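Asker: Sequence first, predicted model second:
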Amino acid sequence: MNQDQSGRRVVAIGPMPPEKSAYALARYSRSPDSIERSIAWVHGHSSEKFWEQFYFDYGHASIADLGHVIICFEEISELAAIRLEDEPLWDGQAKSSRYQNFASSRWFIPGHIRGSETEAVYEGILRSLSEVYRLLHDPLISYLSEQEPRPESMKPADYQRTIAARAFDATRYLLPLAAKTNVGQVVSIRTLEKQITRLLSSRLTELRAIGEELKDACGRPPVNIWNELCGQTGVTADPLAPTLARHARENVYQESVYSDMARYAKEALRGTGLDQPENWDAVESVELIEAHDPLDEIVATLLYRVTHAPYRNILAVVREWSEKQKQDTLDVATKQRGPYDELVKEFRSGYAFVFDVLMDIGAWRDLHRHRRCQQVQQNFTTLHGYEVPTPLVAAGLDREYRQAMDAVRHDIELLKKRDQEASLYAIPFGFKVRCLFKMDFAEAEYIAKLRSGVKGHWSYRTVAWKMKQKMAQRYPVLGMHMQATSPDIEDTLHR
């Protein structure tokens with residue numbers, strides 16, 4: 001604490017239970033008391049009663065931003081990790097597939113297929129991917145080492161770690177969404193409640209189970225390893241967020257909106273050719289969509305989310321629709337909405353720059369971390385084909401990779417007839433996913449500059465560079481003010 005004659009103070013407060021710290025800061029903003037007196041006052045009063053009344057009854061949602069929690073998720077699937085990170089107000093890190101060897105990692109097996117013939121088919125796909133992942137790694141390291149010998153200025157350990165990471169950049173294309181990972185997050189109670197609600201409302205069994213376990217964790221005292229290591233034992237900890245744990249539940253609107261939209265889109269788009277890839281116009285991997293009517297944008301985005309067609313093709317169809325057809329789409333997307341439900345993110349429109357991006361899942365996961373934009377991701381599929389990592393081609397190892405991916409694609413289509421959920425987890429990172437990124441200029445400039453740098457993965461470097469090029473073509477003056485590094489400029493040993 002620092003204090004001078006002006007009376008000014010800057011006070012750092014030690015960790016407190018999230019609900020109690022939020023209560024203390026909420027009271028602090030509503031009284032003339034110092035923070036010390038506010039904390040002392042809260043210590044003697046029921047935080048549970050406060051949360052029941054103001055957060056859940058009166059809907060004072062902003063107070064939940066004042067309490068934060070640290071939650072770790074271990075041994076979850078990569079697919080589950082992606083869904084955990086879907087929150088726009090989220091801070092966290094997942095186990096990196098660019099820097100760690102996943103060869104010895106296990107994979108997630110949906111509980112409902114255990115002991116069945118479907119499990120054997122499923123495990124066969126994942127085992128074949130794992131074998132090729134191991135098979136390609138050492139030859140790729142040898143090739144990269146020959147191409148980029150260790151400079152005398154670089155320590156052997158640093159060099160080996162860097163070359164190994166570059167090899168993982170390629171071999172991770174064989175990792176399935178079923179690969180197990182760990183995620184650590186720091187979020188506000190408000191974000192945590194939204195996350196629990198999303199998980200409990202999911203159609204995936206794993207996500208619903210994680211939602212229940214997360215809710216249960218909120219009702220228990222947190223693990224207090226740090227205090228134990230510091231010798232502070234014998235102190236009984238309060239439950240993490242007990243009131244939240246009792247009230248968090250699934251949401252009917254979130255449970256139904258995308259399945260309702262998918263059924264509607266199937267009928268509404270019948271005969272347009274949008275359900276047949278061969279009828280799609282040839283599109284680039286990165287498209288900057290021209291400005292268009294806000295109603296058309298929302299309708300097209302809602303349909304985009306539940307199809308696999310390019311945005312531009314969907315927009316062309318929507319522009320020909322009557323006002324009634326567009327209104328019908330909005331009605332379907334809102335019919336189950338309750339009085340306190342936020343609109344789904346597909347309604348977040350009006351951003352000046354809309355990019356439709358088709359890229360491999362592995363690299364898309366890195367762009368997925370960007371929070372200052374709206375992302376609308378289509379479902380994972382093998383429909384768009386897969387990327388072939390350039391280093392594998394240069395090393396003459398792409399034949400084994402292509403054979404593995406072609407076989408897996410065929411096997412996933414067969415598995416899909418048995419179990420759609422299992423087939424989703426079996427999709428490797430190398431297959432492409434389509435995602436809409438809506439942003440302002442500052443975020444476009446930031447992504448282009450950050451993600452095109454030589455430290456990055458070549459896949460998202462290419463996407464970032466194309467974003468810059470598209471901006472420069474459409475808006476030359478703005479493009480001149482965007483910094484980006486061409487993917488032709490490489491520095492293998494710079495990480």
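Answerer: Looks like it came in fine.
Asker: which residues sit in contact with residue 189?
Answerer: Residue 189 makes contacts with 18, 19, 22, 64, 65, 67, 68, 69, 241, 244, as judged by C-beta atoms under 8 Å, 6 or more residues apart in numbering. Heads up, the C-betas are built off the backbone N, CA and C, glycines and all.
Asker: ok, 10 Å please
Answerer: Counting by C-beta atoms under 10 Å, 6 or more residues apart in numbering, residue 189 makes contact with 18-19, 21-22, 51, 55, 61, 63-69, 218, 240-241, 243-244.
Asker: quick one: residue 459 and residue 286, what's the gap?
Answerer: Per C-beta to C-beta, to the nearest Å, residue 459 is found 12 Å from residue 286.
Asker: Of those two, give the one with the bigger neighbour count.
Answerer: residue 459 (25 against 20; other C-beta atoms under 10 Å).
Asker: does the more buried one count as helix, strand or coil?
Answerer: In three-state terms, and counting by DSSP: H, G, I helix; E, B strand; the rest coil, residue 459 is helix.
Asker: circling back: give me the common contacts of residue 459 and residue 286.
Answerer: Contacts common to residue 459 and residue 286, judged by C-beta under 10 Å, 6+ apart, are residue 359.
Asker: rewinding a little: next step: the contacts of residue 189 restricted to strands.
Answerer: Judged by DSSP state E, strands contain the following of the contacts of residue 189: 68, 69.
Asker: so which strand or helix has the residue lying closest to residue 103 once chain neighbours are set aside?
Answerer: The shortest distance from residue 103 to any non-neighbouring residue, by C-beta to C-beta, 6 or more residues apart in numbering, is to residue 134 (5.0 Å). If you go by DSSP states H and E, residue 134 is part of helix 117-147.
Asker: Give me the mean pLDDT for that helix.
Answerer: What helix 117-147 shows for mean pLDDT is 94.
Asker: got the buried residues for it?
Answerer: For helix 117-147, burial by neighbour count (16 or more other C-beta atoms under 10 Å) applies to 118-119, 121-122, 125-126, 128-130, 132-133, 135-137, 140-141, 143-144.
Asker: can I assume the residue nearest to residue 103 is in contact with residue 128?
Answerer: No - using C-beta atoms under 10 Å as the test, residue 134 is too far from residue 128 to be in contact (11.2 Å).
Asker: who touches both of the two?
Answerer: With C-beta under 10 Å, 6+ apart as the test, residue 134 and residue 128 both reach residue 174.
Asker: next SSE after the helix holding residue 134?
Answerer: In N-to-C order, the element after helix 117-147 by DSSP H and E is helix 156-171.
Asker: got the CA coordinates for the helix or strand following that next one in CSV?
Answerer: Sequence-wise, the next helix or strand downstream of helix 156-171 (DSSP H and E) is strand 180-188. Included here for strand 180-188 are C-alpha records, laid out as CSV according to Å, rounded to 0.1, in the frame of the first residue of the first chain:
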residue,chain,number,x,y,z
LYS,A,180,-6.5,-35.8,-25.0
THR,A,181,-5.2,-32.5,-23.8
ASN,A,182,-5.2,-30.2,-20.7
VAL,A,183,-6.6,-26.7,-20.5
GLY,A,184,-6.2,-24.1,-17.8
GLN,A,185,-8.4,-21.0,-17.6
VAL,A,186,-8.9,-17.8,-15.6
VAL,A,187,-12.4,-16.5,-16.0
SER,A,188,-15.0,-14.4,-14.2
